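# Fold the following and give me the result.
(3 chains)
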Amino acid sequence: MFGQQEGKLHRPHGEFACLSVGIGEDVWVVQDAAQLPDLFKLVSPAKYFLYYNSMYDIRQLRRFLPMPQRPIWDCMIVEKILWGGYFSINEFALNDCVRRYLNIKMDKEPRKQFSVVSHMSDEMIHYAATDVYLTYKVYLEQLKEIAKRRYDMKTYDLIEEPCIWATLDFKPVKVNVKRWHEMVKELTIRGRSLENDLGVNVNSHQQLKEFIKNNTGVKVDNVQEETLLINANKIGKELVDKILLTKSLRKAESTYGEKWLANFVEDGDLVYADFKTVGTETGRYACSNPNLQNIPAHKIPEYRQLFISAKGRLIVADAQAQEPRILAHLSGDKALKQIFADGQDVHTIVTRAIFKDDTITKSDPRRDREGKTINLASSYGLSAQGLADKLNIELADAETFLRNYFAKFSGVAAFRDRMYSQANRFEYVESISGRRVWVNRHNYAWQNNSINAPIQASAADLLKTWLTTFHNRCIIDKVEFPVVLVVHDEIVLDVPLEQVALYKTMLKESFQVAAHKWFGDMPFELDVVHGTKWSCKKLNEEAD
DNA sequence: ATTACTCGCGCC
DNA sequence: CGGCGCGAGTAAT
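Predicted coordinates:
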């Protein structure tokens, strides 16, 4: 495409430049969009359409001809499945593959010309042709690698390929622009006036460190929230609170302020984010332009209330304690599995275990602090030092918690050791679908990675299978696919009021199908609520 | 003036 | 202690 803006490549805009098409070794560069329908008729018997980043091409091609769902081999997605964790996530461009497999350096300079010119030069034609030719060559290399590994490609066939089609069908999400402007104004005024009072630029860690030293004599290594809170007694509770509040107000202004609205809100107050199906080495989604997966939910809950329904109601569904269930399944730990079999609260039971006190109840504050934290830690890698830092306790106490935890959940300790030795022997670990995540043992965090990766990657498998099962169901039932957001263990739909009940049922059933497919009898629970806003707590009040 | 990097923080 | 994206500030070019 000619004349496309950076950061908007997922949006249909710009003028048609060319389409390069290869059939085997032969390459054409088509410069007339009117020829596209005939061209696609000609090539439609192909077993696969090979793409490099199919979502970009399909989104653009959809402007000129229908692009029905059909088998595709997306070399970029395949590459991420083959080498997740081996290369960093920004090393999966075509030129990276070409360099690695073929030892050829690609000249990406001509690509830059497309955004500023409106006709094809010879150099650009050559570039476009080379692009598609090398995509084919990369595909051949991938086939060799897959054969060498005797890899079944289950993760691609069952999860990633359907996921591409589902993601192409995502709908935009609506925001409350008027209220957003008002809120930003309010937060900006408060933030700037607080910053004036303080007399320091809180966005500058250097200046803020200096300020704290000059005013209180306390030297801090950094100005993270956690550090300031730990040192609150020395610095002064009131000052710390004021600094933190100012920082969070300034953040609201900079990240979610007027610039956000101007950049990302399109006609009808709709936001079209770029969801990348394989945005991480573990297979999780990532989202950008804008990132809708890190909209404040806890610190400034008002922001999620600015995401509203365009069709009638939002349905918000999220999986309960997904990762502890997956850990229970992968480890096979009897005590952990029993918690879920009995439908008990995992945080409470774990709190009882680490404090060796069976009288602890769900409302005990230790459940939310120590219990929840150790459950997070169990899927993040479990180190005593990390736990001590997080809970701001002595190392010895953290060690005691871990000792007690592993005494009760000995299967988790065995799982941990299995993952360490697998990572040591093979340099990779695997998810429930066989998704491979390479572990670099020269990385200081390799042990954490070898525990976390199978859990996080299996969670991604589950969410994606849930999503694509639901997508299929919508196609079969000939109803709109109403997904507007996907946030790791959560799917949000925007549906007409009269179809709320229908979609809730479909979503719940799809989730159970997906959970059963990968995790058999391990019980999974889905929380499903609906309302006019994307706000976790408030929704129930509006229900029905 | 532009680019690359660090720090910090939002989410799960 | 795991995984991301993004903005401001700062240092290097």
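# Would you mind listing what in chain A touches DNA strand B?
Contact residues (CB under 7 Å from any atom of the strand) of chain A with DNA strand B: A:205, A:209, A:222-226, A:244, A:247-248, A:251, A:255, A:291, A:293-300, A:318, A:487-490, A:536. From N, CA and C alone the C-beta is placed, and that goes for glycine too.
# Go through the residues you listed and flag which are in strands.
A:318, A:490 (DSSP state E).
# Take the residues of chain A next to DNA strand B and keep only those in helices.
Those of the residues of chain A next to DNA strand B mapping onto helices are A:205, A:209, A:225, A:226, A:244, A:247, A:248, A:251, A:255, per DSSP state H.
# Now do the same contact list for the third one.
For residue A:225, the residues meeting the contact criterion (CB atoms under 8 Å, 6 or more residues apart in numbering) are A:244, A:247.
# before we move on, what SS does residue A:138 have?
helix (DSSP: H, G, I helix; E, B strand; the rest coil).
# Now do stretch A:357-368: distance from first to last residue.
Stretch A:357-368 stretches 15 Å from its first residue to its last (CA to CA, to the nearest Å).
# Any residue of it touching DNA strand C?
No: judged by CB under 7 Å from any atom of the strand, stretch A:357-368 makes no contact with DNA strand C; its nearest approach is 12.9 Å.
# can you list contacts of that stretch?
A:345, A:347, A:348, A:351, A:352, A:355.
# ok, back up a step: for the residues of chain A next to DNA strand B, which PyMOL command selects only the ones that are buried?
To isolate the buried subset of these in PyMOL, counting by 16 or more other CB atoms under 10 Å, use the following:
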select buried, chain A and resi 209+223+244+247+248+251+293+295+300+318+487+488+489+490+536
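# Would you check which of the residues of chain A next to DNA strand B are in contact with DNA strand C?
A:255, A:291, A:293, A:294, A:488.
# Sort out which one of those residues lies nearest residue A:130 for me.
residue A:291 (32.8 Å; CB to CB).
# Please list all residues in contact with that closest one.
So residue A:291 contacts residue A:273 (CB under 8 Å, 6+ apart).
# on that earlier part again, can you say which two of the ones in helices among the residues of chain A next to DNA strand B are spatially most distant?
It's A:209 and A:255 that sit farthest apart of these, by CB to CB, at 22.1 Å.
# any idea of the pLDDT on residue A:231?
For residue A:231, the pLDDT comes out at 88.
# now do residue A:292
94.
# Low-confidence regions, chain A specifically.
A:536-544 (pLDDT under 70).
# For DNA strand C, what's the nearest residue on it?
In chain A, no residue comes nearer to DNA strand C than residue A:386, which is 2.4 Å away by CB to the nearest atom of the strand.
# count of residues packed around that residue?
When neighbours are counted by other CB atoms under 10 Å, residue A:386 registers 15.
# before we move on, which element is the closest residue to it other than its chain neighbours in?
Of all residues not flanking residue A:386 in the chain, residue A:377 sits nearest, at 6.7 Å (CB to CB, 6 or more residues apart in numbering). Using DSSP states H and E, residue A:377 maps to helix A:372-380.
# residues of that helix that come out buried?
Quick answer for helix A:372-380 (16+ other CB under 10 Å): A:372, A:373, A:374, A:375, A:377, A:378, A:379, A:380.
# Dump the ones next to DNA strand C among the residues of chain A next to DNA strand B to a markdown table, plus distance to residue A:163.
As requested, those are exported to a markdown table (distance: CB to CB, whole Å):
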| residue | distance to residue A:163 |
| --- | --- |
| A:255 | 28 |
| A:291 | 19 |
| A:293 | 16 |
| A:294 | 21 |
| A:488 | 14 |
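# just to revisit the earlier point, helix, strand or coil for the residue of chain A closest to DNA strand C?
Reduced to three states with three-state DSSP, the structure at residue A:386 is helix.
# Next one: it from residue A:401, what distance?
Residue A:386 sits 12 Å away from residue A:401, going by CB to CB, to the nearest Å.
# For the stretch 1-150 of chain A, what lies in contact range of DNA strand C?
Residues of the stretch 1-150 of chain A lying near DNA strand C (CB under 7 Å from any atom of the strand): residue A:89.
# ok so, going back, surely the residue of chain A closest to DNA strand C and residue A:378 touch.
No: assessed by CB atoms under 8 Å, residue A:386 is found out of contact with residue A:378, at 11.5 Å.
# ok, and for the top helix by length along chain A, which residues are buried?
Looking across chain A with DSSP H, the single longest helix is helix A:446-476. Neighbour-count burial for helix A:446-476, counted by 16+ other CB under 10 Å, picks out A:446-474.
# go on, stretch A:521-536?
A:522-524, A:526, A:528-536.
# Keep only those of those that are in strands.
A:526, A:528, A:529, A:530, A:531.
# pretty sure the last one contacts residue A:307?
Right, residue A:531. No: under the criterion of CB under 8 Å, residue A:531 is not in contact with residue A:307, lying 10.9 Å apart.
# And the strands in the stretch 201-350 of chain A?
Assigned by DSSP state E, counting those that start in this stretch, the strands in the stretch 201-350 of chain A fall at A:265-266, A:270-271, A:274-276, A:286-288, A:307-308, A:313-319.
# which of the ones you listed is buried the deepest?
Ranked by average neighbour count under the criterion mean count of other CB atoms under 10 Å, the strands of the stretch 201-350 of chain A are headed by strand A:313-319 at a mean of 23.
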